[in-house]
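# sequence unavailable; structure follows:
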Ligand code: ARG
């Protein structure tokens, strides 16, 4: 059958599509000459030019292909060059160095991309994953405890990722896997019945539950000491039990058997057992703890603008765990070990513990049941867990077990490093829930908003009180989020509120101010007697180098978003947006806008409008709002 040849494709309106077209043309040029060479890929990669004088894009593949094709790289580059140089979006193509092909985009192509933006609901981002489902598990705090720094980071990073993943077309299910079924409930029930301060509980329920929990710990310790049985070192573990528990939810390790069991601990265990057997009174109390905690968490989520599709806590899976462990044993995935049941994991330092000797189930057991549920319910292509580095072993074990059970979808632990903040003594600390010195997220936000208010008031004394409140909220919350998102999530970091709120550097206030300034220019342009804003603009046109450079930078936006969707590293989007904001400052220095002659003025206002829309869209994907004035 004769091949009709490639249909003349329309001029693409995105840099990614153009890169694809050019890459396929380049590959086709080589395949024609070397039809039998398996080394020639379907598409040659295009990379950004290393230096501005090299143009916009570079094809470097001829260097790698020279050897397998037995040719000089420059000869291959000549073939490629001949094919891509004629493309209507290419203004200039050159063979350079040992065998690169350097390309300069036509200004008409850049203008065409920018002109198509307003009509594109996806802002140029390709829906590469349309039709694919994905589950993202993030935030997942524990009931009756305040969110600690790990939950804060998980909430911020997870929310940015869910937004980015939706933007590339995934059907996302964001699930808050609440820790609502830990062993802490036995202790809490005892403490609640013994020492509750009703008024304090009504004022600050989580605070009071934390106090009750801590009181339990203190009193229990005192009892243990009185018994003359300060906790003996734990006996030699059932294979891996200690490691497994330490790596996962902290509560799993609470119940080490010590030489003597205090009356308080005995009581707590009895209440826990009653709860797990469905005792109505304990269930009512447990439900109340969940309700009041969730109400507090929801306030925080509302302040942060974070939403979930489902909030299935660990308790949701509880009824399935007994059968699950039997299934694991029957399938040969789990085996008995000194009264307990474990899943051995090759290459991991310890097996995953799924049933303790006393018959109770663990964090990991629930997580296996959760995977089965998610696969059955959503049939996702990926499941992402946004959880800190300390749980690395847990997820390694969990994923290995899931594979043995035949789970096909990608399972990814989206880890992040620890964050230190200033403790009461002024030094850096990560805090500890047990010591009760965790920074409370709400207090964090209050402080950031308060300081943002004074920054904004100083910057713009003309803001009305209502505007000032709004700006302070947007900037304060934005600063906390951006500070977290703008750094590689794997790095450990210090949370420095002064830096996060600075108007200079890669910060939320800098980005938000860049946006507000663009909006202020647009408002001035539209003011009566000032010409008529965008209305008179004939068309977007990029004449000056500063205009072209800014327009060119805008084309990289969809690629930056797709990159984050691929790598799950939101800081790459921050970097792009920061560069874009920088390019606008250069632009302001190089060309006049409001004072430019009418035709240029209109075109520049249009260009700046595209920049403003892109900043807003990009920050929106990070969960960060922008103020219209600042
Ligand atoms: N609640 C857990 C903790 O605070 C985090 C849960 C993460 N998600 C999961 N499916 N294991 O440590």
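Perfect, thanks for sending it. What you see is a predicted model; the values in this text were computed from it and never measured.
# quick check: which element contains the spatially closest residue to residue 12 that is not a sequence neighbour?
Leaving aside its sequence neighbours, residue 12 sits nearest to residue 18 (Cβ to Cβ, 6 or more residues apart in numbering; 4.6 Å). C-beta here means a position set from N, CA and C on the backbone, and glycine is covered the same way. Assigned by DSSP states H and E, residue 18 falls within helix 15-33.
# give me the buried positions along that helix.
15-30 (16 or more other Cβ atoms under 10 Å).
# what does that helix rub up against?
For helix 15-33, the surrounding residues in contact (Cβ atoms under 8 Å, 6 or more residues apart in numbering) are 6, 9, 12, 37, 40-46, 57, 59, 61, 65, 69, 76, 79-80, 82-84, 87, 89-90, 101, 103, 105, 109, 113, 126, 555-556, 558-559, 562.
# ok so, going back, for the residue nearest to residue 12, give me the pLDDT.
Looking at residue 18, its pLDDT is 96.
# list the contacts of residue 374.
Taking Cβ under 8 Å, 6+ apart, one finds 135, 173, 175, 380, 383 in contact with residue 374.
# surely the third one touches residue 307?
This means residue 175. No: using Cβ atoms under 8 Å, residue 175 makes no contact with residue 307, being 11.6 Å away.
# which of the two has more neighbours?
Using other Cβ atoms under 10 Å as the criterion, residue 175 and residue 307 rank with residue 175 on top: 25 against 13.
# what pairs with the more buried one across the strands?
residue 137, residue 310 (DSSP bridges).
# surely residue 370 is in contact with residue 318?
No: with contact defined as Cβ under 8 Å, residue 370 does not count as touching residue 318 (11.2 Å).
# identify the farthest-apart pair in the buried residues of helix 15-33.
Farthest-apart pair in the buried residues of helix 15-33 is 15 and 30; separation 22.6 Å (Cβ to Cβ).
# residues from the stretch 1-150 of the chain in reach of the ligand?
137, 140, 142 (Cβ under 6 Å from any ligand atom).
# can you say which of those residues are buried?
Neighbour-count burial (16+ other Cβ under 10 Å) applied to these gives 137, 140, 142.
# any idea how far the last one is from residue 179?
Right, residue 142. From residue 142 over to residue 179 the distance is 3 Å, taken as Cβ to Cβ, to the nearest Å.
# please see if the strand or helix carrying residue 454 touches the ligand.
In the assignment (DSSP H and E), residue 454 maps to helix 441-459. No: contact of helix 441-459 with the ligand is not found when judged by Cβ under 6 Å from any ligand atom; the minimum separation is 13.8 Å.
# neighbours of residue 386, how many?
Neighbours around residue 386, by other Cβ under 10 Å: 27.
# phi and psi next, for it.
Torsion angles at residue 386 (phi, psi; degrees, to the nearest 10) stand at phi -90, psi 90.
# re earlier: can you put the residues of the stretch 1-150 of the chain next to the ligand in JSON lines and add pLDDT?
JSON lines is the format used below for these (pLDDT from 0 to 100):
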{"residue": "137", "pLDDT": "98"}
{"residue": "140", "pLDDT": "97"}
{"residue": "142", "pLDDT": "93"}
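# report the secondary structure element holding the closest residue in space to residue 502 that isn't next to it in sequence.
In space, and not counting its chain neighbours, residue 502 is closest to residue 509: 6.7 Å by Cβ to Cβ, 6+ apart. Assessed by DSSP H and E, residue 509 sits inside helix 508-526.
# please apply the same query to residue 484.
Under the criterion of DSSP H and E, residue 484 resides in helix 465-485.
# for that helix, packing partners?
Judged by 3 or more Cβ pairs under 8 Å, 6 or more residues apart in numbering; DSSP states H and E, helix 465-485 is in contact with helix 149-167, helix 280-304, helix 441-459, helix 497-500, helix 508-526, helix 571-590.
# what distance separates the start and the end of stretch 378-394?
Terminal residues of stretch 378-394 are spaced 23 Å apart (Cα to Cα, to the nearest Å).
# show me the contacts for the residue nearest to residue 502.
Contacts of residue 509 (Cβ under 8 Å, 6+ apart): 452, 455, 475, 478, 479, 501, 502, 503.
# now do the SS call for the last one.
Which is residue 503. Here residue 503 is coil, with the state taken from DSSP: H, G, I helix; E, B strand; the rest coil.
# tally of neighbours for residue 371?
Neighbours of residue 371 under the rule other Cβ under 10 Å: 21.
# quick one, grab the pLDDT at the closest residue to the ligand within the stretch 301-450 of the chain.
Closest residue of the stretch 301-450 of the chain to the ligand, Cβ to the nearest ligand atom: residue 387 (4.6 Å). According to the prediction, residue 387 has pLDDT 98.
# correct me if wrong: it contacts residue 395.
Yes: between residue 387 and residue 395 a contact is recorded at 7.2 Å, counting by Cβ under 8 Å.
# wait, a strand at residue 135?
Yes: counting by three-state DSSP, residue 135 is found in a strand.
# what's the neighbour count on it?
Here the number of neighbours of residue 135 (other Cβ under 10 Å) works out to 28.
# in contact with it, which residues?
Residue 135 sits next to 172, 173, 175, 374, 378, 380, 382, 383, 384 when contact means Cβ under 8 Å, 6+ apart.
# list the buried residues for the helix or strand hosting the fourth one?
Read it as residue 374. Element membership of residue 374 [criterion: DSSP H and E] is helix 363-378. Within helix 363-378, the residues that count as buried by 16+ other Cβ under 10 Å are 363-375, 378.
# returning to that earlier point: quick one, which of the helices and strands packed on helix 465-485 is packed in tightest?
Comparing the helices and strands packed on helix 465-485 by mean neighbour count (mean count of other Cβ atoms under 10 Å), helix 149-167 ranks first with a mean of 25.
# that one - what's its average pLDDT?
96.
# export the contacts of residue 509 to a markdown table and tack on pLDDT and distance to residue 491?
Listed next are these as a markdown table, based on pLDDT from 0 to 100; distance: Cβ to Cβ, whole Å:
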| residue | pLDDT | distance to residue 491 |
| --- | --- | --- |
| 452 | 95 | 25 |
| 455 | 86 | 26 |
| 475 | 97 | 24 |
| 478 | 97 | 20 |
| 479 | 96 | 18 |
| 501 | 94 | 20 |
| 502 | 93 | 19 |
| 503 | 92 | 24 |
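# neighbour-wise, which one of those residues leads?
Within the contacts of residue 509, residue 475 tops the neighbour count with 33 neighbours, counted by other Cβ under 10 Å.
# show me what contacts the closest residue to that residue other than its chain neighbours?
Leaving out its chain neighbours, the residue that sits closest to residue 475 by Cβ to Cβ, 6+ apart is residue 452, at 3.9 Å. Residue 452 sits next to 471, 472, 473, 475, 476, 479, 501, 509 when contact means Cβ under 8 Å, 6+ apart.
# nearest to residue 492, of those residues?
Using Cβ to Cβ, those come closest to residue 492 at residue 479, 19.5 Å.
# ok, now how distant is the closest one from residue 584?
Distance of residue 479 to residue 584, computed by Cβ to Cβ: 20 Å.
# get me the contact residues on the protein for the ligand.
So the chain meets the ligand at 137, 140, 142, 177, 179, 249, 367, 370, 385, 387 (Cβ under 6 Å from any ligand atom).
# return the member of the residues you listed nearest to residue 198.
residue 142 (23.2 Å).
# dihedrals phi and psi, residue 104?
Backbone torsions of residue 104, given as degrees, to the nearest 10, read phi -110, psi 130.
# that one contacts residue 53, doesn't it?
No: between residue 104 and residue 53 there is no contact under Cβ under 8 Å: 10.1 Å.
# tell me which of those two has more neighbours.
Per other Cβ under 10 Å, whichever of residue 104 and residue 53 has more neighbours is residue 104, with 16 against 8.
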